[in-house]
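In: how would this look folded up:
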Amino acid sequence: MKNKHCCTWRSAALCGALLWLLSTLAGCSGKKVEPESGKTIETNTDPNLITMREPGQFPLSTPQVRKLSDEIHVNGVINPDVNKEVPVLSLGGGRVVAIKVKLGDYVTKGQTLLLIDSPDLSAAFADYQKFKADDQLAQKQLARAQLLYSKGAIALADLEMSEDSTTKAKTDLQAAIQHVQVMGGDINNPSVILPLRAPISGTIVEQNITGGTGVRSLDNQPNLFTIADLSTVWALCDVYQDMLPRVRLGDMAEVFLPGFPQEKFPGKVINISEVLDATTRAAKVRIELPNPKRMFRAGMYVTAVFHSRIPENRVAVPAAAIVHLHDKDWVFVPAGGNQFRRTAVQLGADLKDGYVEIIAGLTSDDKVVTNALQFSSASEEQ
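Out: Numbers count the residues shown, from 1 in each chain. Prediction:
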């Protein structure tokens with residue numbers, strides 16, 4: 001009797017282990033074993049494949065094909081046009097005694113930016129005075145030689161030598177005058193104070209000098225100021241690599257300032273970098289932007305929308321057919337019978353009639369569930 005009970009217990013344990021093994025293997029292969037009957041039934045292991053009990057209660061929509069221009073929304077920063085930036089350097093060394101402007105000021109061409117007590121300018125004035133005296137002496141000697149030659153007191157060679165000396169003295173004097181003027185001095189007002197003047201009109205976007213600082217020679221000093229003409233600026237935008245094929249040179253763009261959300265500023269794509277940022281995997285796209293009212297300032301953050309010049313055929317679906325889950329946008333496409341496939345899509349622009357442009361993930365031959373949110377809620381409840 002004892003052996004009979006032992007055999008019964010062992011048989012039950014063996015059957016249980018066998019059922020567990022079959023259930024495990026069936027789970028790996030997308031099948032399920034019912035414990036009561038031991039029958040194997042098919043199960044759905046694809047998380048994007050959804051089976052609905054009553055699929056007919058969810059109406060379907062057919063995507064529309066429309067001629068649309070690509071729109072890409074990106075962020076950017078305002079930068080000066082480097083072609084209109086001028087570094088300001090001093091041709092004479094010395095010590096800064098006064099700074100007349102500061103970073104961010106608007107200056108006009110010829111305006112004094114700073115004053116330098118310059119030994120170099122002092123030496124240039126000394127050369128000018130010396131060559132001026134040499135020129136005056138050469139003029140007197142030439143007049144005397146011409147008089148003596150007319151009386152027959154000197155030979156022609158002596159007169160020609162005097163004329164040559166006068167020419168050289170005049171050349172040296174002109175060079176000394178140009179040296180003083182190039183350095184920024186005025187020969188009519190000799191002074192050791194060198195004024196540094198603005199070469200163009202614009203805004204000071206960089207300042208590398210303070211009062212009392214020593215200014216070195218031209219070869220080994222940084223620019224003291226940088227002046228930029230901000231009548232035209234650049235918006236440098238980061239465009240990620242998956243969006244780059246949709247941006248082309250010459251495309252139009254609209255730039256928006258955070259403080260003026262209702263106002264848009266037109267621009268044009270003039271450059272697309274061929275090098276991606278190693279961290280963000282984005283390329284710099286340059287928009288040329290007129291700035292007549294000086295509303296854009298260097299360093300401002302902006303948003304931009306790129307518009308392609310040539311419209312292309314794009315698929316559009318009702319906005320209600322799209323649901324946002326897990327940081328992605330999805331639509332539900334019939335997969336035959338009572339099954340639907342959840343499909344990720346890449347969205348484009350919102351259209352005025354309640355439709356949304358689909359960039360990728362859907363074709364015009366597909367159908368989608370019209371109310372994606374209702375469908376998603378119903379699938380979770382069943």
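
In: surely Q146 and D158 touch.
Out: No. Q146 is beyond contact range of D158, at 10.6 Å (criterion: CB atoms under 8 Å). Yep, even glycine has a C-beta here, placed from its N, CA and C like the rest.

In: quick one, phi psi at the residue nearest the centre of the chain?
Out: In the chain, the C-alpha nearest the mean C-alpha coordinate belongs to L236, at 2.0 Å (CA atoms, centre = their mean). Per-residue torsions, L236: phi -90, psi 110 (degrees, to the nearest 10).

In: can you check the pLDDT for it?
Out: The score at L236 is 95. That number is its pLDDT.

In: now it: how far from D81?
Out: 11 Å (CB to CB, to the nearest Å).

In: got it, and T279?
Out: T279 is 26 Å from D81, by CB to CB.

In: and those two? which has more neighbours close in?
Out: Between T279 and D81, counted using other CB atoms under 10 Å, the more crowded position is D81 (18 against 6).

In: dump the residue contacts of the more buried one.
Out: A228, D229, T232, V233, W234, E288 (CB atoms under 8 Å, 6 or more residues apart in numbering).

In: possible to save those as TSV with distance to N271?
Out: Output for the contacts of D81, formatted as TSV (distance: CB to CB, whole Å):
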residue	distance to N271
A228	18
D229	19
T232	14
V233	14
W234	9
E288	9
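
In: sitting in strands, which of those residues do you find?
Out: Within those, residues falling in strands by DSSP state E are A228, T232, V233, W234, E288.

In: that older thread, for the residue nearest to the centre of the chain, give the beta-bridge partners.
Out: Beta-bridge pairing of L236 under DSSP bridges involves V77, R286.

In: residues in contact with it?
Out: L236 neighbours (CB under 8 Å, 6+ apart): G76, V77, I78, N79, K284, V285, R286, I287.

In: of these, just the buried ones, PyMOL syntax please.
Out: In PyMOL, this line selects whichever of the contacts of L236 come out buried by 16 or more other CB atoms under 10 Å:
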select buried, resi 76+78+79+284+285+286+287
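
In: quick one: buried residues of the helix of greatest length in the chain?
Out: In the chain, assigned by DSSP state H, the helix with the most residues is helix 119-150. Neighbour-count burial for helix 119-150, with 16+ other CB under 10 Å as criterion, is recorded at 120-122, 124-125, 127-128, 131-132, 134-135, 138, 141-142, 145, 149.

In: let me know the closest of the residues you listed to D329.
Out: D329 has its nearest neighbour among the buried residues of helix 119-150 in D120, at 67.0 Å by CB to CB.

In: assess the claim that the closest one and A126 are in contact.
Out: No. Counting by CB under 8 Å, D120 sits too far from A126 to count as a contact (10.7 Å).

In: P195 belongs to a strand, doesn't it?
Out: Yes. Assigned with DSSP: H, G, I helix; E, B strand; the rest coil, P195 falls within a strand.

In: now it: closest residue in space that isn't a chain neighbour?
Out: Using CB to CB, 6 or more residues apart in numbering and skipping the chain neighbours, the partner closest in space to P195 is T112 (4.8 Å).

In: who is that neighbour paired with across the strands?
Out: T112 forms beta bridges with R197, as assigned by DSSP bridges.

In: identify the residues contacting the closest residue to F375 other than its chain neighbours.
Out: Excluding its sequence neighbours, the residue lying closest to F375 (CB to CB, 6+ apart) is V369, at 4.7 Å. Listed by CB under 8 Å, 6+ apart, the contact partners of V369 are F58, P59, L60, S61, A321, V331, F332, V333, P334, F340, F375.
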